[in-house]
Structures are given as structure tokens and as C-alpha cells.
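Enquirer: Need coordinates for the below:
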Amino acid sequence: MAIGVIATITVRDGKNAEFEELFTALTEQVLANEPGATFYALHRTKSDSQVYKVLEQYASKEALKAHGQTEYFLAASQKMGALVAAAPDIEVMDAV
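Expert: Predicted coordinates:
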């Protein structure tokens with residue numbers, strides 16, 4: 001069964017460009033190297049320019065787990081620590 005994820009990330013003031021550049025590189029890595037990641041895209045909310053939503057879909061729970069263990073995801077997450085205001089809010093859903 002496919003798994004959906006919405007990650008809500010709040011970025012520190014003045015860090016948007018750096019965050020978007022880092023996330024664009026991460027997105028390229030995910031889509032190029034993870035066949036189980038069927039959708040992975042960053043969106044900035046219209047109501048607050050510091051809040052982003054990452055919309056994700058994976059073919060299975062195993063594909064989601066593998067995503068979180070990749071070297072490039074772990075490296076990007078570490079770099080994002082200095083750019084974000086708080087830990088992301090992660091919502092995991094079953095596809096219907």
C-alpha cells in the first residue's frame with residue numbers, strides 16, 4: 001500500500017533562499033535514486049512565506065523507511081538544522 005507524507009517545515013527569517021537551494025538538491029537526489037519515492041515536492045504556503053510543505057508519496061512503508069536512512073537525506077537534514085525554526089511536523093497517511 002502506498003504511503004503519503006506531509007512534512008510542515010518553518011524556516012528562520014532570512015534563510016528561505018538557502019533552504020530552497022538545499023531542498024532542491026535533496027529533491028533531485030530523492031527522485032534520481034529512490035524508485036519507491038513516487039512523489040517528492042516542496043511547496044511554500046501563501047499564508048506565511050516562512051512555512052513550507054513537503055508533499056511525498058512512497059510505494060510502501062519500506063520505501064519510506066529507506067528514504068529516511070539515505071546518506072543524502074541525513075546530510076541534508078543536518079544542514080537544515082541551522083535553517084529551520086523548529087523540528088518539522090510530519091503527518092504519515094495511507095493512500096486510498
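
Enquirer: just so I have it, where are all the strands in the chain?
Expert: 3-10, 37-44, 51-58, 89-94 (DSSP state E).

Enquirer: Relative to Tyr72, which of these is closest?
Expert: Each of the strands of the chain has some distance to Tyr72 by Cβ to Cβ; the shortest is strand 37-44, at 12.1 Å. (Each C-beta comes from the backbone N, C-alpha and C, glycine too.)

Enquirer: what bridges to the residue sitting nearest the centre point of the chain?
Expert: Centroid-nearest residue in the chain, with Cα atoms, centre = their mean: Val54, separated by 4.7 Å. Each beta-bridge partner of Val54 is listed here: Ala7, Leu42, as defined by DSSP bridges.

Enquirer: My read is that it contacts Ala41, right?
Expert: Yes: Val54 is within contact range of Ala41, at 7.2 Å (criterion: Cβ atoms under 8 Å).

Enquirer: Can you tell me how far Glu20 is from Ala75?
Expert: Distance, Glu20 to Ala75, using Cβ to Cβ, to the nearest Å: 17 Å.

Enquirer: returning to what we had before: next up, the contacts around the residue nearest to the centre of the chain.
Expert: By Cβ atoms under 8 Å, 6 or more residues apart in numbering, the contact list for Val54 reads 5-7, 9, 23, 40-43, 88.

Enquirer: so which of the residues you listed is the most crowded?
Expert: Ile9 (22 neighbours; other Cβ atoms under 10 Å).

Enquirer: Could you measure from that one over to Ala75?
Expert: In this view, Ile9 and Ala75 are 17 Å apart by Cβ to Cβ.

Enquirer: Just want the phi and psi numbers for Asp13.
Expert: With angles defined as degrees, to the nearest 10, Asp13 sits at phi -50, psi 140.

Enquirer: I'd like the average pLDDT over the biggest helix by length in the chain.
Expert: Under DSSP state H, the helix in the chain containing the largest number of residues is helix 16-33. Averaging pLDDT along helix 16-33 yields 98.
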